[in-house]
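>>> Fold the following for me, if possible:
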Amino acid sequence: MKRVAALLLAGALLAGCARNPATGKNELMLVSESQEIAMGQQADSQVIASIGLYPDPALQSYVLDIGKKLAATSERPNLPWSFRVVDDPAVNAFAIPGGFVYVTRGLLTHVTNEAQLATVMGHEIGHVTARHTAHEMSREELANVGLVVGSIASSAIAKYAGLASQAMGLMFLKFSRENENTADALGVRYSSRAGYDSRQEDSVMAMLDQLEKQSSSKLPEWLETHPNPGNRIQHINSVLADTKVDFTNAIVNTSGFERRLDGMIFGMNPREGFFKNGVFYHPDMRFQIAFPNGWQTQNTKSAVAAMSPQQDAMIELTIARGSNADQAARAFLSQQGVQAGTLTRGNINGLSAAVAPFAAQTQQGTLQGQAAFIQYGNNVFQVLAYGPQAGWSANQSVAQRSISSFGQLNDPAMLNVQPQHVSLITLDRRTTIAELLQQRPAPVSAATLALINQVDPKTALEPGRIVKWVVGQPLPATP
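Sure, this is the predicted structure:
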């Protein structure tokens, strides 16, 4: 068996050594380009389902045009490139194999010109052209010859547990510092080739560094998937020094870019649901549900989920298929691999409901849980609570209380909450962000307003400058 394993290993090394198109280095590569594209196409639909696209066709077209211009300068111009703005308040950008690149609306509100956006998009294009994800997958495949890895649940369980795993982990990819440095250099390469002022990448990193310093409670999304930006500025500067590009007439486009942000939603959109003191409120769908104290929560376009502190139990709320609670329950419980307990029909807080315990087999053992289907308005809501059988008894009662808390939302204060928006101001005199805030109230701090304009709150700004402002009411506190 050892000899067979050695032969498999040698064969994989011989067959899988390839020249990286972006870096020129020889490296292990067991994932073909067609496999990259297929993976990307599948993951793209999951990204859209989980996060959603920002509903502004003109902005989507604008970002797509920039991306195509950048990708045309890359070493892999013939990939089926796709560039989208996702409806996420986090300051982030990410890419998946095959040429699928995403920027968040949160990032757009924090960069100040087209060149900054182009360097970020060039960076994400670099992850694709350098095949960073495919390379890491090849390393894992080689380390696990003969094994199928990466799936927590069987296909039967994945039918309903998949959304929960996406909700808690999402699909953002984390790369090594070496890969990030490579992508930074490629971002400079592609943006400069496309005619942009690549020096603007420094400003983006400085903004992200400041964002990290201001985020005392939660690590910014960008920093969960990218190394510390402050440590990368020196590397970017060395790359810029080596490019020997004349940026005298390079594209920056500040005013044209910022005018596209006028009216954009800023920060969380509470109309799509928000957490407050452990309770999730959804104004548009007019429901609420309480999750256990201390559980990690996540709200996406397709699911609301909570995971226990020990990561041994999950509660997930989605829209079920079926015209009524009984029909939805039977469809779920009749799935292959699911062992259903007695189905009980009744009501939860005055709403028609069907509830049943269930168990299901996974590769790691048996899952046990409770499934509830609640008819409300034109929807049937599916609430699943589950965990490994061995520890389910410790979480069962708290999960049951969460299921029983589902009900109608009637509080006007929660029903009427509205999102904040970006508004553009053209200065008519020399002033600072701090002074302007005294005369023009905003629902966010001077530090936040300064950050999205990439200035110090006390820096004097000249007349005629466009300033991004935030308008609206303060959002509900979400501890």
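>>> quick one: contacts for the closest residue to residue 38 other than its chain neighbours?
Counting by CB to CB, 6 or more residues apart in numbering, residue 38 lies nearest to residue 98, which is 7.3 Å off, once chain neighbours are set aside. In short, each C-beta sits where N, CA and C put it, glycine included. Shown in contact with residue 98 (CB atoms under 8 Å, 6 or more residues apart in numbering): 36, 37, 38, 39, 40, 41, 79, 80, 128.
>>> State the distance from residue 98 to residue 91.
Distance of residue 98 to residue 91, given as CB to CB, to the nearest Å: 25 Å.
>>> about what we covered before: can you tell me which of the contacts of residue 98 are in helices?
By the criterion of DSSP state H, membership of those in helices covers 36, 37, 38, 39, 40, 41, 128.
>>> Residue ranges in the stretch 351-479 of the chain under the pLDDT threshold?
Applying pLDDT under 70 to the stretch 351-479 of the chain flags the ranges 363-364, 477-479.
>>> try 50
Along the stretch 351-479 of the chain, segments meeting pLDDT under 50 are nowhere present.
>>> For it, which segments are assigned as strands?
For the stretch 351-479 of the chain, the strands defined by DSSP state E, counting those that start in this stretch occupy 351-362, 365-376, 379-388, 407-408, 420-426, 466-471.
>>> ditto for the stretch 1-150 of the chain
Going by DSSP E, counting those that start in this stretch, the stretch 1-150 of the chain shows strands at 17-19, 26-28, 82-86, 93-96, 100-104.
>>> Please convert those to a markdown table, extending it with distance to residue 377.
Below are the strands of the stretch 1-150 of the chain laid out as a markdown table (distance: least, CB to CB, whole Å):
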| stretch | distance to residue 377 |
| --- | --- |
| strand 17-19 | 54 |
| strand 26-28 | 53 |
| strand 82-86 | 27 |
| strand 93-96 | 34 |
| strand 100-104 | 30 |
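>>> Take those and lay them out in JSON lines including mean pLDDT.
Shown next, in JSON lines, are those (pLDDT from 0 to 100):
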{"stretch": "strand 17-19", "mean pLDDT": "65"}
{"stretch": "strand 26-28", "mean pLDDT": "61"}
{"stretch": "strand 82-86", "mean pLDDT": "97"}
{"stretch": "strand 93-96", "mean pLDDT": "90"}
{"stretch": "strand 100-104", "mean pLDDT": "95"}
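>>> Could I get the ones you listed in CSV, plus columns for mean neighbour count and distance to residue 351?
Converted to CSV, the strands of the stretch 1-150 of the chain look like this (neighbours: other CB atoms under 10 Å; distance: least, CB to CB, whole Å):
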stretch, mean neighbour count, distance to residue 351
strand 17-19, 13, 57
strand 26-28, 14, 55
strand 82-86, 21, 33
strand 93-96, 25, 38
strand 100-104, 25, 35
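>>> give the contact list for residue 415.
Contacts of residue 415 by CB under 8 Å, 6+ apart are 283, 286, 409.
>>> how much space between it and residue 294?
For residue 415, the distance to residue 294 - CB to CB - is 27 Å.
>>> before we move on, what about residue 368?
Distance from residue 368 to residue 294, counting by CB to CB: 21 Å.
>>> If you count surrounding residues, which of these two has more?
A direct count of neighbours by other CB atoms under 10 Å for residue 368 and residue 294 places residue 368 higher, at 23 against 10.
>>> looking at it, that one is touching residue 362, isn't it?
No - Residue 368 is beyond contact range of residue 362, at 10.9 Å (criterion: CB atoms under 8 Å).
>>> What's the local residue count around residue 248?
Using other CB under 10 Å, the number of residues around residue 248 comes to 6.
>>> Break the chain down into its structural domains.
Partitioning the chain according to automatic domain parsing yields domains covering residues 16-259, 276-411, 419-471.
>>> For those, give me TSV that also has distance to residue 270.
Formatted as TSV, the domains of the chain follow (distance: least, CB to CB, whole Å):
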stretch	distance to residue 270
domain 16-259	11
domain 276-411	7
domain 419-471	6
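>>> who wins for proximity to residue 266 among those?
domain 419-471 (4.6 Å; CB to CB).
>>> So what would you say the end-to-end distance of that closest one is?
Start and end residues of domain 419-471 are separated by 9 Å (CA to CA, to the nearest Å).
>>> how far is it from where the chain is centred?
28 Å (CA atoms, centre = their mean, to the nearest Å).
>>> ditto for stretch 113-123
The chain centroid and the centroid of stretch 113-123 are separated by 18 Å, computed with CA atoms, centre = their mean.
>>> Stretch 348-367 too?
Taking CA atoms, centre = their mean, one finds the center of stretch 348-367 at 28 Å from the center of the full chain.
>>> For that stretch, which residues meet the burial criterion?
348, 351-362, 367 (16 or more other CB atoms under 10 Å).
>>> go on, stretch 464-477?
Neighbour-count burial for stretch 464-477, counted by 16+ other CB under 10 Å, picks out 466, 467, 468, 469, 470, 472, 475.
>>> Against residue 39, how distant is residue 75?
Residue 75 is 20 Å from residue 39, by CB to CB.
>>> Those two: which is more packed in?
residue 39 (18 against 15).
>>> excluding its backbone neighbours, what's nearest that one?
What sits nearest to residue 39 in space, not counting adjacent residues and going by CB to CB, 6+ apart, is residue 97, at 5.0 Å.
>>> which ones are touching the one you found?
Residue 97 is in contact with 31, 36, 37, 39, 40, 43, 128, 131, 133, 134, counting by CB under 8 Å, 6+ apart.
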